[in-house]
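Chemist: A predicted structure for the sequence below; I have some questions about it.
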Amino acid sequence: DPGMYWYHPHIREDYAQELGLYGNYLVVPADPDYWAPADREIAIFLDDILLTDGKIELSREKVDHALMGRFGKVMLINGKTDYLLAARQGEVVRLYLTNAANARPFNFAMAGHLFKLVGGDGGGYERDEWRDSVLVGPSERVIVEVFFDRPGTFALENITPGKTTRLGAVTVAAAPV
């Protein structure tokens, strides 16, 4: 099925995956009209990491946090604490979101923009849906499209009932005159 998939270890995943041993692969649809037109496609990994005194909290000797997972204190997009994306006014970007966190769901949002939810774990959805945020559970994949209608800098956020956390930003350049 067309869409974004991911791979990660199942032996000592508590250790190896936490150190970044995972990746995406994109299955391109045979039908060129499967997705609506987009100017670019970008893969985004959402993750968190548990740091104590600036060091990753892991053990090589024993399995740690494997069965029930753990919530990390630091949230990441593509391995960065302040992910930056550049876009152009008038551009449509398809984002392939993958949640690599082992316990944390992300309620992913982009300040001032709506997402067109077009697909997920099973490929394209029958009907698109407009959302101000998308919930991505651990190991889940979600596909959204964003239309950048105006220039500016817009925060990428994780929104929870008690707190909004900035994950990065998109800087949209004005369209040439």
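Modeler: Okay, I see it. Numbering: from 1, shown residues only.
Chemist: dump the residue contacts of residue 107.
Modeler: 133, 134, 135, 136, 158, 159, 160 (C-beta atoms under 8 Å, 6 or more residues apart in numbering). Heads up, the C-betas are built off the backbone N, CA and C, glycines and all.
Chemist: Please report how far the first one lies from residue 109.
Modeler: Looking back up the chat, that one is residue 133. As judged by C-beta to C-beta, to the nearest Å, residue 133 and residue 109 stand 4 Å apart.
Chemist: Same check on the last one?
Modeler: For residue 160, the distance to residue 109 equals 11 Å [C-beta to C-beta].
Chemist: Counting neighbours, go ahead and name the busier of the two.
Modeler: Using other C-beta atoms under 10 Å as the criterion, residue 160 and residue 109 rank with residue 109 on top: 21 against 12.
Chemist: what pairs with that one across the strands?
Modeler: residue 133, residue 157 (DSSP bridges).
Chemist: close enough to count as contact, residue 173 and residue 88?
Modeler: Yes. Between residue 173 and residue 88 a contact is recorded at 5.3 Å, counting by C-beta atoms under 8 Å.
Chemist: Where does the residue nearest the centre of the chain fall, secondary structure wise?
Modeler: For the chain, the residue nearest the mean C-alpha position is residue 97 (3.5 Å; C-alpha atoms, centre = their mean). Secondary-structure assignment from DSSP states H and E places residue 97 in strand 92-99.
Chemist: Now do that strand, average pLDDT.
Modeler: For strand 92-99, the mean per-residue pLDDT is 97.
Chemist: chain center to it, what's the gap?
Modeler: 7 Å (C-alpha atoms, centre = their mean, to the nearest Å).
Chemist: What of stretch 76-96?
Modeler: 9 Å.
Chemist: what's around the closest residue in space to residue 125 that isn't next to it in sequence, how many residues?
Modeler: Spatial nearest neighbour of residue 125, chain neighbours left out: residue 119 (5.5 Å); criterion: C-beta to C-beta, 6 or more residues apart in numbering. When neighbours are counted by other C-beta under 10 Å, residue 119 registers 22.
Chemist: Tell me how many other residues crowd the nearest residue to residue 39 once chain neighbours are set aside.
Modeler: The spatially closest residue to residue 39, leaving aside those adjacent along the chain, is residue 91, at 4.6 Å (C-beta to C-beta, 6+ apart). Counted with other C-beta under 10 Å, the neighbours of residue 91 add up to 17.
Chemist: and what of residue 79?
Modeler: 11.
Chemist: gap between it and residue 134?
Modeler: From residue 79 to residue 134 the distance is 20 Å (C-beta to C-beta).
Chemist: Residue 141 too?
Modeler: Taken as C-beta to C-beta, the span from residue 141 to residue 134 is 11 Å.
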